[in-house]
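Undergrad: Next come a sequence and a model predicted from it.
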Amino acid sequence: MMTPGRFPALFLGCLLFLAACNASGPQPSDSKTNTPTFQLNDKNATDETRALYHNLQKLQGNHVLFGHQDDLAYGVNWINEDGRSDVKDTVGAYPAITGWEIGGLAIGNDANLDRVNFEEMKQWIKDVYLRGGINTISWHMYNPVNGKNSWSGGDTVKHMLPGGSHHNKFKRYLDSYIAFNKQLLVKNSAGEEIHIPIIFRPWHEHNGDWFWWAKGHTNEADYKSLWRFTVEYLRDTHQQHNLIYAFSPDRSRMNLDTFEADYLWGYPGDEYIDIIGFDNYHDLKPADNPEEQQAKLQSLVFSLEQVAKIAKKKNKLAALSEGGSDGIANPHFWTEVLLAGLQDNTYTRQISYVVVWRNANKEIEKRDHFYAPFPEHPSADDFRDFYENPFVLFNDGLPDLYSH
Ligand code: BMA
């Protein structure tokens, strides 16, 4: 999947990198020497899903994949234009990973909570897969007990569990996702119908207090049961075998000195999770002065290291599953903050991918709320340097992720 346009830059980058290393130095960044060793929790996962998980393991340490939420649906200055993407407008390539959000699906809405139509979303998911990219799905589920959105509190989770007053309603919510998921079919090159692999990331940022499924609104045992029920219902009861499950607590609620214990609050168990992710906006916020920037970079590095270490212990992939800098105030954010953190050391380099959040449309949403640049943005040049760095993969630099 390496396009001719990208090759010279990568090639030059590799040569420069090799020249900078002595014989005992690190491996060139595009060497693929890892042998995949971890298995998915779903022993019946489809071939393509297992291949994706294994191929991500092969890339770990040598590359980080860049992702963007809602990349094809809208951008800061456009909505739903065929083939358009703020990332592509800026660097000429799509992100390696595209994030999608299904909040609103279960209550029968045609579009998600950010106005993305579900029928169009299915087509975009297919487009991403067919060009060799990865899709990930998050779920800001509306509260099945009080009918309000994700940011509503209330004593909800215990009523959703088996035996609870809203358990059947919760199952219908999951059924809506199963129906959606079942339509994510495409034909492979042999003409066989295959089910598009998805990195599924429900119940995120559960260690904060802003979502109804989170700490403060539910207890740890019920949160774990919620996860386990979700996985068992999708994987075992309904035989959905295209899902890779990502766990993603929020960095802002983890202390650096108790990181691992804080990270593991609500962890449902190794047999339910495939990706040790975390959401990190906290360390990526703009700093007011160079000292503060240095301190933030250090805590970014520390948190990436910790997540990579937890993943290593558990034999799972590590990821920065959601985050970024809202409005990207620092024009050198991409290389001096994000990439500097990701490339800092052998642990931080284990982070498999990073997904930055959505680029809200300015006209519709009447605010600056974006995490990837667009061509006129002051960080666009730096983002091009980020793209050119051989450690970073966009869609055009991906190997075939879906075959063994
Ligand atoms: C948040 C914001 C909201 C959005 C929600 C779900 O972080 O971007 O505007 O509705 O994610 O996508």
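TA: Arrived safely, thanks for sending.
Undergrad: The residue nearest to the spatial centre of the chain in helix, strand or coil?
TA: Centroid-nearest residue in the chain, with C-alpha atoms, centre = their mean: residue 321, separated by 3.6 Å. Secondary structure for residue 321, judged by DSSP: H, G, I helix; E, B strand; the rest coil, is strand.
Undergrad: Mind checking the pLDDT average for whichever helix in the chain runs longest?
TA: In terms of residue count, the longest helix belonging to the chain (DSSP state H) is helix 290-314. Across helix 290-314, pLDDT averages out at 97.
Undergrad: what's that helix packed up against?
TA: Using 3 or more C-beta pairs under 8 Å, 6 or more residues apart in numbering; DSSP states H and E, the elements in contact with helix 290-314 are helix 259-263, strand 275-280, strand 317-323, helix 340-342, strand 351-356. Using the backbone N, CA and C atoms, a C-beta is placed for each residue, glycine as well.
Undergrad: circling back to that earlier point, who touches the residue lying closest to the residue nearest to the centre of the chain once chain neighbours are set aside in this structure?
TA: Closest residue to residue 321 apart from its sequence neighbours, by C-beta to C-beta, 6 or more residues apart in numbering: residue 277 at 3.2 Å. Under the criterion of C-beta atoms under 8 Å, 6 or more residues apart in numbering, the contact list for residue 277 reads 201, 246-248, 307, 318-322.
Undergrad: just residue 86 next, same as before
TA: Residue 86 makes contact with 68, 71, 75-76, 359, 370, 372-374, according to C-beta under 8 Å, 6+ apart.
Undergrad: Helices - which of these land there?
TA: Using DSSP H, the subset of these located in helices is empty.
Undergrad: which of those count as buried?
TA: 68, 71, 75-76, 359, 370, 372-374 (16 or more other C-beta atoms under 10 Å).
Undergrad: Between the two ends of stretch 319-333, what distance do you get?
TA: 19 Å (C-alpha to C-alpha, to the nearest Å).
Undergrad: Likewise for stretch 270-285?
TA: 31 Å.
Undergrad: to the chain's geometric centre, what's the distance from that stretch?
TA: Put simply, stretch 270-285 sits 9 Å off its chain's centre (C-alpha atoms, centre = their mean, to the nearest Å).
Undergrad: quick one: average confidence on that stretch?
TA: 98.
Undergrad: Let me know how buried residue 132 is, in neighbour terms.
TA: By the criterion of other C-beta atoms under 10 Å, residue 132 has 16 neighbours.
Undergrad: Below-threshold pLDDT in the stretch 1-150 of the chain: ranges please.
TA: 1-33 (pLDDT under 70).
Undergrad: Could you list the contact residues of it toward the ligand?
TA: Residues of the stretch 1-150 of the chain lying near the ligand by C-beta under 6 Å from any ligand atom: 101, 113-114, 140.
Undergrad: can you pull out the strands in this structure?
TA: With strands called from DSSP state E, the chain shows them at 64-69, 74-75, 78-79, 97-101, 134-138, 185-187, 193-195, 198-201, 243-247, 275-280, 317-323, 351-356, 392-393.
Undergrad: Output these in TSV, with distance to residue 170 appended to each entry.
TA: Converted to TSV, those look like this (distance: least, C-beta to C-beta, whole Å):
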stretch	distance to residue 170
strand 64-69	25
strand 74-75	30
strand 78-79	33
strand 97-101	19
strand 134-138	18
strand 185-187	26
strand 193-195	24
strand 198-201	16
strand 243-247	18
strand 275-280	23
strand 317-323	23
strand 351-356	26
strand 392-393	37
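Undergrad: now for the ones you listed, which one comes closest to residue 36?
TA: Nearest to residue 36 among the strands of the chain is strand 317-323 (10.0 Å), distances taken as C-beta to C-beta.
Undergrad: Packing partners of that closest one?
TA: Against strand 317-323 (3+ C-beta pairs under 8 Å, 6+ apart) you get helix 47-59, strand 275-280, helix 290-314, strand 351-356.
Undergrad: let's see 6 Å
TA: The contact analysis (3 or more C-beta pairs under 6 Å, 6 or more residues apart in numbering; DSSP states H and E) places strand 317-323 against strand 275-280, helix 290-314, strand 351-356.
Undergrad: So is that strand next to the ligand?
TA: No. Contact of strand 317-323 with the ligand (C-beta under 6 Å from any ligand atom) is absent, the minimum separation being 8.4 Å.
Undergrad: And that strand, how far out from the chain middle?
TA: Once both centres are worked out by C-alpha atoms, centre = their mean, strand 317-323 turns out to sit 6 Å from its chain's centre.
Undergrad: next one: stretch 240-257
TA: On C-alpha atoms, centre = their mean, the centre of stretch 240-257 falls 10 Å from that of its chain.
Undergrad: For it, list every residue counted as buried.
TA: Quick answer for stretch 240-257 (16+ other C-beta under 10 Å): 240-251, 253-254.
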